[in-house]
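In: Let me see the structure of the following:
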Amino acid sequence: MTRSFAWMAITVGLFGSGCGPDQATQWLETAQFEERQTNLVHARELYENIVRQYPDSPAAKTARARLAELAGK
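Out: Okay, the predicted model is just below:
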């Protein structure tokens, strides 16, 4: 139950936050949270979104590194 609530809160935060300059950072934080929760499918999706939509951001650099490391899992 707690995990479902956390997921709902994150989803609302993501979609309610818009696409400001901090969006890549917010997605990165969420992807890292998902990774800690062992939800690797969703973490990968978020990392891929960061790389695709914000390719020159510092968050994209981190996302690329995480995707490379997750490739073996």
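In: contacts, neighbours, all on C-alpha from now
Out: OK.
In: Look up how far residue 44 lies from residue 38.
Out: Here the distance between residue 38 and residue 44 works out to 11 Å (CA to CA, to the nearest Å).
In: can you give me the helices in this structure?
Out: Taking DSSP state H as the criterion, the chain carries its helices at 2-16, 23-36, 40-53, 58-70.
In: The shortest one to helix 23-36, inter-axis angle?
Out: For helix 58-70 against helix 23-36, the angle by axes from the mean of the first three to the mean of the last three CA atoms, to 10 degrees is 30 degrees.
In: Do me a favour and average the pLDDT over helix 58-70.
Out: Taken as a whole, helix 58-70 has a mean pLDDT of 97.
In: buried stuff in it?
Out: Across helix 58-70, burial judged by 16 or more other CA atoms under 10 Å covers 59-60, 63-64, 66-67.
In: Next: stretch 40-51.
Out: Neighbour counts using 16+ other CA under 10 Å place 40, 43-44, 46-51 of stretch 40-51 among the buried residues.
In: Can I get the residues you listed in TSV including pLDDT and distance to residue 33?
Out: Shown next, in TSV, are the buried residues of stretch 40-51 (pLDDT from 0 to 100; distance: CA to CA, whole Å):
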residue	pLDDT	distance to residue 33
40	96	10
43	97	8
44	97	12
46	97	11
47	98	12
48	97	15
49	97	15
50	97	15
51	97	17
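In: show me what contacts residue 34?
Out: Residue 34 is in contact with 40, 42-43, counting by CA atoms under 8 Å, 6 or more residues apart in numbering.
In: which one of those residues is nearest residue 71?
Out: Top of the list for closeness to residue 71, among these and by CA to CA, is residue 40 at 10.4 Å.
In: Nearest spatial neighbour of that closest one, chain-adjacent residues omitted?
Out: For residue 40, ignoring the flanking residues on the chain, the nearest one in space by CA to CA, 6 or more residues apart in numbering is residue 34 at 6.7 Å.
In: and that neighbour, how far is that from residue 41?
Out: Remark: distance between residue 34 and residue 41 (CA to CA) = 9 Å.
In: Looking at the contacts of residue 34, which is nearest residue 23?
Out: Distance to residue 23, by CA to CA, is smallest for residue 43 among these, at 15.2 Å.
In: Done for today, thanks.
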